[in-house]
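> The amino acid sequence is not available; the structure is as follows:
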């Protein structure tokens, strides 16, 4: 009887487990079918949009053809007018015409007649016949931010030696707040800081602002204390009539107006500033709300120049000669291994240099440069400053977040405590999905508080890829990180990785360059040092940080070993951009790893953490 009861209980447990697996499979099937239906709807919508786009492109092509025809006709008319003018000029200088003019004017004055006839017989250079000019090709204006804001200087001179370099390509987007339009009057530096924060209208003058701004009525007007251009005289001293008319135009339409004092004496701009709804300043002594210069991740970032860094330490004067425009300044920031800045260098200049990954000091030092970069971003980005501005003037500042959901699969119960500790030290994490052993949920919630914790016991037969897919369905944050409980992660690991989403267009960020420690050999290795800050075919799975929607579209293979290789291969097939960030903040820990021994450089025999963790 006892044996039968035990068999019945075991059969019941197996049935319950089977039912749970069936329910999980049913849920996953429903989710897959929902995704499939959504994909079909998206495909249909995309097809419709494609048809509309094709129609619009056809119409645009017809309009361009018509415009091209008109341009050709206008050019031909201009040429014919030039030919007619040439013929008239040729007739006027012809000898017979000049003789006739001399006879007509001197017929009653023999002396004048003689002089006129003498002059008419002298040879005169005939005008050159006009030639048809090739029709100039008019390229459509690129309205994307930064499209017309590119570096032009390709050489630098250091101690009399000319050095060529490839300019940094200013990115053309994306916009942080595409729903918001701002009309901006600013010098090139401030314009570069603001251009990615919203749809930005610039280039209008006191004469044409009503026509230009009417094409896309802005939500706000931002005017800097400019020192050049058509608005400089309007905002200094007594406010100009053009400025008064612009502000009246904005008032009629309920457009908020902001004056931003960034340079010069406050008193020089005080009268103009009083006409605005809101006033901000970079000067602590000005008495207005503070809006300082901050790094703009789109242009102040460690993306390298093509060709690498110039192997010398430069002074700030050598780095930034007076003739450079701001796009060329952004190229110079990335050029040398280090910049020796004198005392009194503005804090914003130091922050911009550091944000570009350049060492500040008498020598190049990648670890110090990385720490300085981190501090520059920690002081605040322009996106955060604009958040403060919009909140102060009463406009919504909706934008994408960098909140993270972490998936932590713990298949070895002995690794639970270590894995939880690696996640607990991270910032920006709002949710943790833990697949851990029975009895570990209470400890996970204790260590990871106050973050939301979703704890699941893994099915013994499930692969790591299957667990990651289950975890992905439970994730709610905009970014999803995969962490390996065997490895070591620095406290700034996720902060450093998520920063890359501010200046790249990648959907997946990770590390192709990283430190590793092999316990058996007690060796520290560095894998692919050339792969820092580059778009790359693959990154290590344990360093994966991805946009949730992109990761859901790709999914994880049902594998325990090699799931990350399959994922990266699928990304290459689907055209998903993958970016490798810096080498710091992570250590891959294994007893031994033949793959690493063949693909990495030996750093030393000893611990990896002093090298990797900053």
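Structure received. Since we're looking at a predicted model, the values are computed, not measured. Residues are numbered from 1 along each chain as shown.

> Residue 583 falls within a helix, correct?
No - when DSSP: H, G, I helix; E, B strand; the rest coil is applied, residue 583 is found to be coil, with no helix at that position.

> Next, residue 182: phi, psi?
phi -130, psi 130 (degrees, to the nearest 10).

> since we're on residue 357, how many residues are nearby?
When neighbours are defined as other CB atoms under 10 Å, residue 357 has 23 of them. Every C-beta, even on glycine, is put in place using the N, C-alpha and C of the backbone.

> can you list the residues that contact stretch 215-231?
Identification of contacts with stretch 215-231 by CB atoms under 8 Å, 6 or more residues apart in numbering yields 180-187, 190, 194, 199, 201, 205-206, 232, 235, 242-243, 246-247, 250, 253, 255-264, 268-269, 276, 393, 395.

> and it, how far out from the chain's middle?
23 Å (CA atoms, centre = their mean, to the nearest Å).

> mean confidence for that stretch?
For stretch 215-231, the mean per-residue pLDDT is 96.

> For residue 428, give its distance to residue 80.
Distance, residue 428 to residue 80, by CB to CB, to the nearest Å: 69 Å.

> what about these two, which has more around it?
Shown here are residue 428 and residue 80; by other CB under 10 Å, residue 428 has more neighbours (16 against 11).

> Which members of the contacts of stretch 215-231 are positioned in helices?
Secondary structure assignment by DSSP state H places 190, 194, 232, 235, 242, 243, 246, 247, 250, 268, 269, 393 of the contacts of stretch 215-231 in helices.

> Stretch 212-221 spans what distance, first to last residue?
Distance across stretch 212-221, first residue to last, is 13 Å (CA to CA, to the nearest Å).

> Now it: buried residues?
Neighbour counts using 16 or more other CB atoms under 10 Å place 213, 218, 219, 220, 221 of stretch 212-221 among the buried residues.

> Take those and keep only those in strands.
Residues of those located in strands (DSSP state E): 220, 221.

> Columns distance to residue 357 on top of the buried residues of stretch 212-221, output as CSV?
Shown next, in CSV, are the buried residues of stretch 212-221 (distance: CB to CB, whole Å):
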residue, distance to residue 357
213, 38
218, 35
219, 35
220, 33
221, 35
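
> Out of the buried residues of stretch 212-221, flag the one nearest to residue 160.
Nearest to residue 160 among the buried residues of stretch 212-221 is residue 221, at 47.2 Å by CB to CB.

> Which strand residues bridge the closest one?
residue 183, residue 257 (DSSP bridges).

> Mind checking which of the contacts of stretch 215-231 are buried?
Buried members of the contacts of stretch 215-231, scored by 16+ other CB under 10 Å, are 180-187, 190, 194, 199, 201, 206, 235, 242-243, 246-247, 250, 255-262, 269, 276, 393, 395.

> average pLDDT for the host helix or strand of residue 391?
Assessed by DSSP states H and E, residue 391 sits inside helix 382-393. For helix 382-393, the mean pLDDT works out to 96.

> Which elements pack onto it?
If you count contacts as 3 or more CB pairs under 8 Å, 6 or more residues apart in numbering; DSSP states H and E, helix 382-393 packs onto helix 188-194, strand 256-261, strand 278-281.

> right, so of the ones you listed, which gets closest to residue 459?
helix 188-194 (51.3 Å).

> And the closest one, how far out from the chain middle?
Centroid separation for helix 188-194 versus its chain: 14 Å, with CA atoms, centre = their mean.

> same question, stretch 325-332
16 Å.

> Could you do stretch 596-605 as well?
34 Å.

> if we can go back for a sec, can the helices and strands packed on helix 382-393 go into TSV with extra columns for mean pLDDT and distance to residue 501?
Formatted as TSV, those follow (pLDDT from 0 to 100; distance: least, CB to CB, whole Å):
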stretch	mean pLDDT	distance to residue 501
helix 188-194	94	19
strand 256-261	98	27
strand 278-281	97	27
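
> can you redo these as JSON lines with distance to residue 573?
Shown next, in JSON lines, are the helices and strands packed on helix 382-393 (distance: least, CB to CB, whole Å):
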{"stretch": "helix 188-194", "distance to residue 573": "37"}
{"stretch": "strand 256-261", "distance to residue 573": "47"}
{"stretch": "strand 278-281", "distance to residue 573": "48"}
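
> closest to residue 316 out of these?
When those are compared by CB to CB, helix 188-194 sits nearest residue 316, at 15.8 Å.

> Could you look up the SS state of residue 168?
coil.

> hang on, isn't it packed against residue 307?
No - between residue 168 and residue 307 there is no contact under CB atoms under 8 Å: 11.3 Å.

> who's more crowded, these two?
Remark: of residue 168 and residue 307, residue 168 carries more neighbours, 24 against 10, as counted by other CB under 10 Å.

> Enumerate every residue touching that one.
Residues in contact with residue 168 (CB under 8 Å, 6+ apart) are 151, 303, 305, 327, 330, 331, 333, 334.

> what's the answer for residue 236, then?
264, 268, 269, 272.

> Would you mind measuring from residue 185 to residue 526?
On the measure of CB to CB, residue 185 and residue 526 end up 49 Å apart.

> ok so, going back, widest-spaced pair of the contacts of residue 168?
Going by CB to CB, the pair spanning these furthest: 303 and 327, at 14.4 Å.

> residues near residue 337, how many?
Other residues near residue 337 number 18, with proximity taken as other CB under 10 Å.

> Could you verify my assumption that it touches residue 313?
Yes - Residue 337 is within contact range of residue 313, at 6.4 Å (criterion: CB under 8 Å).

> shared neighbours, the two?
363, 364.

> Now residue 551: closest residue in space that isn't a chain neighbour?
Closest residue to residue 551 apart from its sequence neighbours, by CB to CB, 6 or more residues apart in numbering: residue 480 at 5.5 Å.

> check contacts around the one you found.
Per CB under 8 Å, 6+ apart, neighbours of residue 480: 404, 405, 406, 407, 472, 544, 545, 546, 547, 548, 551.

> give me the element it is part of.
Judged by DSSP H and E, residue 480 forms part of strand 479-482.
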